[in-house]
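Peer 1: Next input, structure requested:
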Amino acid sequence: MTHHPHGLSVSIIARSSVLWRWQLNVVQSLVDQQLIQVSQVISLGQPETRVPLAVRFLHRLDAWVFRSPMSAFEHTELSRLGEVRTVSAVQLTECVLPQCDVVIDFTELDIAKGLLPLAKLGVLRAGFSESGSITSWCLGLSEYRKNAGQTRLVISLITRGNQSFILSEARPSLDHGSYTRNLNYYWVLTNHLWARAFNTLLKGSDLTALQNALQTSNSLSGLGGESSSAEERHSLATCSPGAVGSAKAYTSAYCRFVSHLLAKLQQKFLSQEQWRILIRLNPFNGAEQGLPLAFGDYHELVPPADCFWADPFVVSREGRHFVFFEELPFATERGHLCCMEVFDDGSHGAPTIILKRDYHLSYPNVFEYESAFYMIPESGDNATIDLYRCTAFPYEWEFSHTLIKGLAAYDATLLEYGGRWWLFTTVAIEAGCSGCEALHVFYADSPLSQSWQAHAQNPVISDASTARPAGQCFYWNDQLYRPSQDCAGSYGAGLNINRISQLDPENYQEVTEQVCRPDWDPDLIALHTLNFNPHIAVADALRKQLWYRPK
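Peer 2: Numbers count the residues shown, from 1 in each chain. Prediction:
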């Protein structure tokens, strides 16, 4: 394997003498991480691309209303990357790019096949939206106007065999709110996806070995990776004005903007949303023999009006049931952890605060190990995964140690399997970014370990609809399951039951077998936790209460 101390040698090809700012940011980020060194900068000498006027106005209107300015489509000089060589598309076939490992295609034209002879490993380009468009201003636009819950970003390598391999991809949430706020996050995510792609390429520089590795990785990937011929993808490659640029399409996009604005105004001024705990005693005693997913049969525990209750975990001990949960006062918007006893008649004792810090806490994952109780709360705002030990069950806890530090991790969930302990958690790519979309797995020989190893495929899932944990893993009919949240479109919109089909240090696969929505009550708009034992099941749901009732 060839050693690349300063990264791979790349040639950058652009349509004109300018780049989008997001493209410049990608290159600068890759150079700063020493993943690439720019050897050639080529312009095709064509007119610069501009975002259609109707789309530009939508960006500006949304950015102004939702206070989320965006600079991704500002023009910046291509010469900032180095001396620019201008050639025509026809002359490209006659170009010689010595020592070029990879061509980065920023033209947003379907010319990748013609670039293949120029690079040793192939041509890298980005795809935007579920359609696979290579036109960046289309990102999320079709999904936005259709009110879809998520979009797609992908970095593909096209090789001399004219095969297209996915090196990295993500399906982030398209939150039902500001379009430009979503886009600003996507451009941050794009930088990380390009870095992930080059890290894959740097594992080897032999083309045949790389293709074999990518073929295996794509077939096993939990991301739904795929390989195909470039011709097969041609029909999806471009975002023509006819695709999303018709008057009808633009009208629907502006209607969606108005709809989201009205929904936000209603949420802020005309309604209150409150997470509530749901409980069901003796969940397996009735005619129902399956999992306790009939949430309409659960009893709702109503918190005081000035806070919410969420993320319930349950421990039954000596005939008594204790629910551990997050309590978040609306005045501080900072969660702390509570415990309360639930009685056999469905009533409950007063909540007792068991853990409070100067940063947000939630998801009190309580477990028993070697006759002692431990808890791993969510403390992503502190960039740690911490362990607490119970000194007097269930109300007294003390800090034990940090399991993993320097990680904005959310909803850490443990599993003992195959002679190892596994820790599942979603990780934000940067502080302030979403913690719902990238599932990472770590493993160790003990749940108390301070030496957790990262899974080879991390992130094993990059999909807002299935990544984030939603409770403890469990066995059912000799199969292993992982509950997860559906955060596509909005946080905690639904609950998934995923069957884990492969778990080892090199591979992870799961299949979503059931999806639950809060559809038993029209005033419930989210559902995102499930935990149970033979005696009691607990969940949570978000109730929306209007200050008025439309007739």
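
Peer 1: How is the protein partitioned into domains?
Peer 2: If you go by automatic domain parsing, the domain ranges for the chain are 8-263, 270-546.

Peer 1: Could you provide those in CSV, with additional columns for mean pLDDT?
Peer 2: Below are the domains of the chain laid out as CSV (pLDDT from 0 to 100):
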stretch, mean pLDDT
domain 8-263, 85
domain 270-546, 96
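
Peer 1: Would you format those domains as JSON lines with mean neighbour count included?
Peer 2: Glycine gets a C-beta too; all of them are placed from N, C-alpha and C. JSON lines is the format used below for the domains of the chain (neighbours: other CB atoms under 10 Å):
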{"stretch": "domain 8-263", "mean neighbour count": "18"}
{"stretch": "domain 270-546", "mean neighbour count": "18"}
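
Peer 1: so who does Val26 touch?
Peer 2: Listed by CB atoms under 8 Å, 6 or more residues apart in numbering, the contact set of Val26 reads 190-191, 194.

Peer 1: which ones among those are found in helices?
Peer 2: 190-191, 194 (DSSP state H).

Peer 1: with those residues in mind, which one is nearest to Leu403?
Peer 2: Relative to Leu403, the closest of the ones in helices among the contacts of Val26 is Asn191; by CB to CB it sits at 28.0 Å.

Peer 1: My guess is the closest one contacts Ser29. True?
Peer 2: Yes: between Asn191 and Ser29 there is a contact at 4.6 Å, judged by CB atoms under 8 Å.

Peer 1: Just want to check the distance between Asn191 and Gly494.
Peer 2: Going from Asn191 to Gly494 by CB to CB, to the nearest Å gives 29 Å.

Peer 1: sorry, that was for Gln28
Peer 2: For Gln28, the distance to Gly494 - CB to CB - is 38 Å.

Peer 1: And for Phe474?
Peer 2: Distance from Phe474 to Gly494, by CB to CB: 18 Å.

Peer 1: Please name the nearest non-neighbouring residue to the one residue sitting closest to the centre of the chain.
Peer 2: Nearest to the mean C-alpha position of the chain, by CA atoms, centre = their mean, lies Glu437 at 1.2 Å. The spatially closest residue to Glu437, leaving aside those adjacent along the chain, is Ala464, at 4.5 Å (CB to CB, 6 or more residues apart in numbering).

Peer 1: Who are the contact partners of that neighbour?
Peer 2: 149-150, 171-173, 434, 436-437, 486-488.

Peer 1: hmm, try it at 6 Å
Peer 2: Ala464 sits next to 150, 172-173, 436-437, 487-488 when contact means CB atoms under 6 Å, 6 or more residues apart in numbering.

Peer 1: So which of those residues are in strands?
Peer 2: The strands, defined by DSSP state E, take in nothing from the contacts of Ala464.

Peer 1: State the pair within those residues that is farthest apart.
Peer 2: Gln150 and Cys436 (10.4 Å).

Peer 1: wait, Gly435 sits on Tyr410?
Peer 2: Yes: using CB atoms under 6 Å, Gly435 is in contact with Tyr410, at 3.8 Å.

Peer 1: which residues do these two both contact?
Peer 2: 380, 426.

Peer 1: in the stretch 1-150 of the chain, which spans are helices?
Peer 2: 21-32, 53-66, 112-115, 141-145 (DSSP state H, counting those that start in this stretch).

Peer 1: Please work out which residues outside the last one touch it.
Peer 2: Spelled out, it's helix 141-145. By CB under 6 Å, 6+ apart, helix 141-145 touches 129, 151, 174, 179, 244, 252-253, 256.

Peer 1: okay, the helices of the stretch 1-150 of the chain in a markdown table with distance to Val342 next?
Peer 2: Supplementary listing: the helices of the stretch 1-150 of the chain in a markdown table, determined by distance: least, CB to CB, whole Å:
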| stretch | distance to Val342 |
| --- | --- |
| helix 21-32 | 50 |
| helix 53-66 | 41 |
| helix 112-115 | 60 |
| helix 141-145 | 41 |
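
Peer 1: right, so of those, which gets closest to Arg80?
Peer 2: helix 21-32 (6.4 Å).

Peer 1: That closest one: how far from the chain's middle?
Peer 2: 22 Å (CA atoms, centre = their mean, to the nearest Å).

Peer 1: just stretch 489-501 next, same as before
Peer 2: Taking CA atoms, centre = their mean, one finds the center of stretch 489-501 at 12 Å from the center of the full chain.

Peer 1: who's in contact with it?
Peer 2: With CB under 6 Å, 6+ apart as the criterion, stretch 489-501 contacts 149, 176, 466, 470, 479-482, 484-486, 509-517, 526-528, 530.

Peer 1: How much space separates Ala488 from Thr190?
Peer 2: Counting by CB to CB, the gap from Ala488 to Thr190 is 19 Å.

Peer 1: scratch that, Tyr410
Peer 2: Computed as CB to CB, the Tyr410 to Thr190 distance reads 21 Å.

Peer 1: mind listing the helices for this protein?
Peer 2: Under DSSP H, the chain gives helices at 21-32, 53-66, 112-115, 141-145, 179-201, 207-220, 230-234, 241-244, 247-269.

Peer 1: Show me what the fifth one packs onto, helices and strands only.
Peer 2: The criterion is 3 or more CB pairs under 6 Å, 6 or more residues apart in numbering; DSSP states H and E, and the helices and strands that helix 179-201 contacts are helix 21-32, helix 53-66, strand 153-158, strand 163-170.

Peer 1: Turn those into TSV, including distance to Ala72.
Peer 2: Converted to TSV, the helices and strands packed on helix 179-201 look like this (distance: least, CB to CB, whole Å):
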stretch	distance to Ala72
helix 21-32	4
helix 53-66	9
strand 153-158	13
strand 163-170	17
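
Peer 1: which one of those lies closest to Val87?
Peer 2: That would be helix 21-32 among these, by CB to CB, at 18.8 Å.

Peer 1: by how many degrees do that closest one and helix 179-201 diverge?
Peer 2: Calculated by axes from the mean of the first three to the mean of the last three CA atoms, to 10 degrees, helix 21-32 forms an angle of 30 degrees with helix 179-201.

Peer 1: Tell me how far stretch 364-383 lies from the chain's centre.
Peer 2: With CA atoms, centre = their mean, you get 23 Å for stretch 364-383.

Peer 1: got the CA coordinates for that stretch in PDB?
Peer 2: The C-alpha coordinates for stretch 364-383 follow below in PDB (Å, rounded to 0.1, in the frame of the first residue of the first chain):
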ATOM      1  CA  PRO A 364     -31.300   7.400  32.600                       C
ATOM      2  CA  ASN A 365     -30.200   4.000  31.300                       C
ATOM      3  CA  VAL A 366     -30.300   2.000  34.600                       C
ATOM      4  CA  PHE A 367     -28.900  -1.600  34.600                       C
ATOM      5  CA  GLU A 368     -27.700  -4.200  37.100                       C
ATOM      6  CA  TYR A 369     -24.200  -5.700  37.000                       C
ATOM      7  CA  GLU A 370     -22.600  -7.900  39.500                       C
ATOM      8  CA  SER A 371     -25.300  -7.300  42.100                       C
ATOM      9  CA  ALA A 372     -25.000  -3.500  41.900                       C
ATOM     10  CA  PHE A 373     -27.100  -0.900  40.000                       C
ATOM     11  CA  TYR A 374     -25.500   1.500  37.600                       C
ATOM     12  CA  MET A 375     -26.800   4.300  35.400                       C
ATOM     13  CA  ILE A 376     -25.500   5.900  32.200                       C
ATOM     14  CA  PRO A 377     -27.500   9.100  31.600                       C
ATOM     15  CA  GLU A 378     -27.300  11.100  28.400                       C
ATOM     16  CA  SER A 379     -24.800  13.900  28.900                       C
ATOM     17  CA  GLY A 380     -24.000  14.900  25.300                       C
ATOM     18  CA  ASP A 381     -23.900  18.600  26.200                       C
ATOM     19  CA  ASN A 382     -20.900  17.700  28.400                       C
ATOM     20  CA  ALA A 383     -19.300  15.700  25.700                       C
END
